[in-house]
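J.: Got a sequence here, can you model it:
(chains A and B)
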Protein chains: 2
Amino acid sequence: MDWEQISEKLDAMLAAGRHSEMRGALRLLNAVDIAQYMSELDREKLLIVFRILPKDLGADVFSYLEPDKQAELLNAIGDSEIRGLIDSMFLDDAVDFLEELPAGVVRRVLQNTDADTRDLINQFLRYPENSAGSLMTIEYCEFHSPCTVRQAMEEIRRTGLDKETIYTLYVIDERRRLLGSLALRTLIIADDNRDVTELMTSNPVFVHTDDDQEVVADMVRKYDLLTIPVVDREERLVGIITADDVMDVIEEENTEDIEKMSGLLPSDEQYLKTPITTLFKNRIPWLLILMISATFTGLIITHFEGVLSSAGKIGVLLTAALPMLMDTGGNCGAQASTLVIRGLALGEVEFKDILRVWWREVRVAVMVGAVLCLVNVGRQLALYYFTSGISPETVRVTIIVSIAMFCTVIIAKSIGCTLPLLAKKIGLDPALMASPIITTLVDACSLTILFSIATFALG
Amino acid sequence: MDWEQISEKLDAMLAAGRHSEMRGALRLLNAVDIAQYMSELDREKLLIVFRILPKDLGADVFSYLEPDKQAELLNAIGDSEIRGLIDSMFLDDAVDFLEELPAGVVRRVLQNTDADTRDLINQFLRYPENSAGSLMTIEYCEFHSPCTVRQAMEEIRRTGLDKETIYTLYVIDERRRLLGSLALRTLIIADDNRDVTELMTSNPVFVHTDDDQEVVADMVRKYDLLTIPVVDREERLVGIITADDVMDVIEEENTEDIEKMSGLLPSDEQYLKTPITTLFKNRIPWLLILMISATFTGLIITHFEGVLSSAGKIGVLLTAALPMLMDTGGNCGAQASTLVIRGLALGEVEFKDILRVWWREVRVAVMVGAVLCLVNVGRQLALYYFTSGISPETVRVTIIVSIAMFCTVIIAKSIGCTLPLLAKKIGLDPALMASPIITTLVDACSLTILFSIATFALG
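T.: Predicted coordinates:
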């Protein structure tokens, strides 16, 4: 049965008030899908469905709802319901949703949790946004060395259900410093009387609470981990981060990079939920910067005014070729910068490779330039043949433009590949050195090249 | 100790021939790091270090080496060593590295594996590239219903070490059809005599062998899974895919999207390892297409030739404003298309939202256009004040350009937001409708607008 049919049947049960049937139907569905279904209901129905939900599903579904729906629900339900909800959520989910809520609602939620949970939540809310601390959960299994396999298994059976993951276990010393990690599979097949320290992997990979989420994602991806431990400044184990949360971080970081590469201020809100004014604020800064920088291209054209106006017909033909030349240069530069920016993000390229990268790009540029140059000769001559006719003037323009294009391609690729590396070196985000900036810079270069060649050729 | 120091110490031990010491040192390191260290060694040293490696680490390190280093090693080692290597690798890792090797080396490897493994590997190599089948592993735990918790735990203890993951377990019927999934944690704390079918979650989320890896990544991310089961066309369970492999898929898909958005043919090779000719081949198609399309912008300028040349000074001033106008239009369009393309990729925007998206963009465009328009009046007047001086002509040009820019912004945002949605609707990749195409289209629009307004204003 596809989702639309399921959704219709749920609607019908809801409309008919067959609540216990609906509870049965919801039991068959995944928390993510239920949250999606609920996100399209109005406030009244939302509350009804939330109360119909089997209790053990409630917290899970709640943590998948969008922040606006969560706030709606929290405003509608009673204090004791809020308490139950927070108690049955994993701590990191609870912190995540509190971060998104308006301050008034957060206060009401915190008033309805017990003192211990409230302290923990407050502690989490103090970690900087997008740090490892703000991503981690404290619901993991740890053993104090020494500890036998039997003791460890008993501990897991006793507390495992409250833990977000029990598949990677951690061994700590008396000062809570991380000694090693241990896969549950190793524990399960090990002899009952062995000590966990003999079985563990020492020196596990870890991150610090104040590391950026980008560092976390890089480590998890590089070492193929399902969980990574988080330690504080004294190297004491304070939490873990699981792979499912890291996947969201990876998508978030990619979105940020893509947005920066298109001259947008990055935002982690969904497009359709972002207020128009926020969209405006994220777009206008780079548009203004780039528009003002483009003043230089205007100055270059004005500077060569004499060539343009005294050349008459040739001047107009040169002007007609400008957009093609600038766009080709911009596209060539963007291709090179994109590959280098992506290489930097994935750790495949470093600053020390700068000469190697540049030399690669120059060779590619010569090949690309040669092909574009040849095709352009054909393209321009064909164009003139069908419009103004082929004359000594149009042939000269074709040669001037083709040579200018070859030079532009070389310079565009050189700028495109070196700028992101230089940006990285001086601590800027390489993603800022993408298409928009490259286009503006390459425009100035291609105009100067075209007019210089034209001035030289036309005397 | 940081990585450079570690690397130096390893070099010293290697140079001094202290192999057993080196083996001890390598034991402390992670397979990923060892592979990275080995990737910088020459052929001879590579072989020495590979033979020094503790046997249990060998296969793991090998699977993290780059394909060229793997081929080097395989060419250097004996047949029995190859057999040992393949036997101790997880099947999906073995298939992955075989896919990258030259055919001759693959034949030699397959000759050195036992018949069963060879059959399995051959079967895997037949799944289309980037399909769920090519990503999956068959090393997972399954139970035939009925089966008690005790039987299941015994089975896991007996076979668990050979499985890539035992944290999600699957229950199948007599025809191997997937009945449900079961977390190991549930099994561990459950009563020994219960049946696994009572404990399992029925209707688990799954993918088909021929689903694209993008579908797999979307499902895993959406449902926060650590593993996802893979079924064949008869819905029989044939394998699983783990979260660490999905993370690599997510990065790969993002790289592809980013490359397409910059007018590149997508490639999954690392930048520094891609041959120059491949870089050339990936770049030239879009550059040619876009260059030839730009012929239209040339035609538009030629069409308005009369206005340009008869307007004298004003003609040159209008020409000088062209690059700024085209770049601003291109940037505005790219911003809108990027957000919509990303929204489509993350499933936040759909074709049915097209009118809503367009109306959002128009409102943003009016705000952006108004600000850019005002700033441009100031910018152009300041420019003229410091260069040619302010005259009735320069004021007229300023007004013409500013009005043209306002209109261009509205049209650029409209094109930018609707094209990716239309592409998706007709089955094209929305990422193709990004900056390069939008820029070319918007150029034509902005030129037409500028010259139409100029023709009207100058009579």
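J.: what's the spacing between stretch A:439-451 and its chain's center?
T.: Chain-centre distance of stretch A:439-451: 32 Å, with CA atoms, centre = their mean, to the nearest Å.
J.: And for it, what's in contact with it?
T.: For stretch A:439-451, the surrounding residues in contact (CB atoms under 8 Å, 6 or more residues apart in numbering or on different chains) are A:290, A:293-294, A:296-297, A:300-301, A:303-304, A:307, A:318, A:321-322, A:325-326, A:329-330, A:332-334, A:400-401, A:404, A:407-408, A:411-412, A:415-416, A:419, B:323, B:327, B:330-331. Where C-beta positions appear, they are placed from N, C-alpha and C, glycine not excepted.
J.: could you redo the last one with a cut-off of 6 Å?
T.: A:290, A:293-294, A:296-297, A:300, A:304, A:307, A:325-326, A:329-330, A:333, A:404, A:407-408, A:411-412, A:415, B:323, B:327 (CB atoms under 6 Å, 6 or more residues apart in numbering or on different chains).
J.: where do the strands sit along chain A?
T.: Taking DSSP state E as the criterion, chain A contains strands spanning A:142-144, A:168-172, A:178-183, A:201-202, A:207-208, A:227-231, A:237-242.
J.: Output the contacting helices and strands for the fourth one.
T.: In other words, strand A:201-202. Judged by 3 or more CB pairs under 6 Å, 6 or more residues apart in numbering or on different chains; DSSP states H and E, strand A:201-202 is in contact with strand A:178-183.
J.: Please give me every residue in contact with A:Val246.
T.: A:Ala217, A:Val220.
J.: what's around A:Ala12, how many residues?
T.: As a burial measure, A:Ala12 scores 12 neighbours (other CB atoms under 10 Å in any protein chain shown).
J.: Could you do the one 3 residues further on as well?
T.: Here the neighbour count serves as a burial measure; for A:Ala15 (other CB under 10 Å) it reads 9.
J.: show me the contacts for the residue in the stretch 51-200 of chain A that chain B sits nearest to.
T.: Chain B sits closest to A:Tyr167 of the stretch 51-200 of chain A, with a gap of 4.6 Å, by CB to the nearest CB. A:Tyr167 is in contact with A:Leu184, B:Tyr167, counting by CB under 6 Å, 6+ apart.
J.: Same check on A:Phe280?
T.: Counting by CB under 6 Å, 6+ apart, A:Phe280 touches B:Val364, B:Met367.
J.: Next: A:Val32.
T.: A:Val32 touches A:Tyr64, B:Lys222, B:Tyr223, counting by CB under 6 Å, 6+ apart.
J.: Show the pLDDT at it.
T.: At A:Val32, the pLDDT value in this model is 85.
J.: cool, A:Lys163 as well?
T.: For A:Lys163, the predicted pLDDT is 67.
J.: before we move on, back to that, just send the strands of chain A back as TSV, with mean neighbour count, mean pLDDT and distance to B:Phe456 too.
T.: Formatted as TSV, the strands of chain A follow (neighbours: other CB atoms under 10 Å in any protein chain shown; pLDDT from 0 to 100; distance: least, CB to CB, whole Å):
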stretch	mean neighbour count	mean pLDDT	distance to B:Phe456
strand A:142-144	18	85	76
strand A:168-172	22	87	71
strand A:178-183	20	87	73
strand A:201-202	13	83	76
strand A:207-208	20	91	62
strand A:227-231	24	90	64
strand A:237-242	24	86	61
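J.: From A:Val362, how far off is the closest residue in space to A:Ala59 that isn't next to it in sequence?
T.: Leaving aside its sequence neighbours, A:Ala59 sits nearest to A:Ser88 (CB to CB, 6 or more residues apart in numbering or on different chains; 3.9 Å). Using CB to CB, to the nearest Å, we find A:Ser88 at a distance of 61 Å from A:Val362.
J.: now do A:Ile77
T.: Distance of A:Ile77 to A:Val362, given as CB to CB: 65 Å.
J.: Also A:Ser452?
T.: For A:Ser452, the distance to A:Val362 equals 20 Å [CB to CB].
J.: And A:Arg150, by the same measure?
T.: 66 Å.
J.: Tell me how far the nearest residue in space to A:Leu325 that is not next to it in sequence lies from B:Ser388.
T.: Excluding its sequence neighbours, the residue lying closest to A:Leu325 (CB to CB, 6+ apart) is A:Ser446, at 5.1 Å. Distance, A:Ser446 to B:Ser388, by CB to CB: 24 Å.
J.: of these two, who's got more company?
T.: Taking neighbours as other CB under 10 Å, A:Ser446 and B:Ser388 compare with A:Ser446 leading, 29 against 15.
J.: mind giving me the domain ranges of chain A?
T.: A:3-130, A:142-246, A:273-457 (automatic domain parsing).
J.: JSON lines please, covering those and showing distance to B:Leu344.
T.: Shown next, in JSON lines, are the domains of chain A (distance: least, CB to CB, whole Å):
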{"stretch": "domain A:3-130", "distance to B:Leu344": "17"}
{"stretch": "domain A:142-246", "distance to B:Leu344": "23"}
{"stretch": "domain A:273-457", "distance to B:Leu344": "15"}
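J.: Please identify the buried residues of stretch A:136-146?
T.: Residues of stretch A:136-146 classed as buried: A:Met136, A:Thr137, A:Ile138, A:Glu139, A:Tyr140, A:Cys141, A:Glu142, A:Phe143 (neighbour count, 16 or more other CB atoms under 10 Å in any protein chain shown).
J.: What's the local residue count around the closest residue to A:Ala370 other than its chain neighbours?
T.: Leaving aside its sequence neighbours, A:Ala370 sits nearest to A:Phe406 (CB to CB, 6+ apart; 7.1 Å). Per other CB under 10 Å, the neighbour tally for A:Phe406 reads 19.
J.: could you measure A:Phe406 against A:Thr328, distance?
T.: As judged by CB to CB, A:Phe406 and A:Thr328 stand 11 Å apart.
J.: same thing with A:Leu178?
T.: According to CB to CB, A:Leu178 and A:Thr328 sit 55 Å apart.
J.: contacts for stretch A:13-28?
T.: A:Ile34, A:Ile52, A:Pro54.
J.: got a winner among those residues for most neighbours?
T.: When neighbours are counted as other CB under 10 Å, the busiest of these turns out to be A:Ile34, with 23 neighbours.
J.: Would you quantify the distance from that one to chain B?
T.: Using CB to the nearest CB, to the nearest Å, A:Ile34 is found at 12 Å from chain B.
J.: swap in A:Ala311?
T.: 11 Å.
J.: ok, the closest residue to that residue other than its chain neighbours to B:Gly298 distance?
T.: Nearest-residue entry for A:Ala311: A:Leu458, 5.9 Å, with adjacent residues in sequence omitted and distances by CB to CB, 6+ apart. Using CB to CB, we find A:Leu458 at a distance of 19 Å from B:Gly298.
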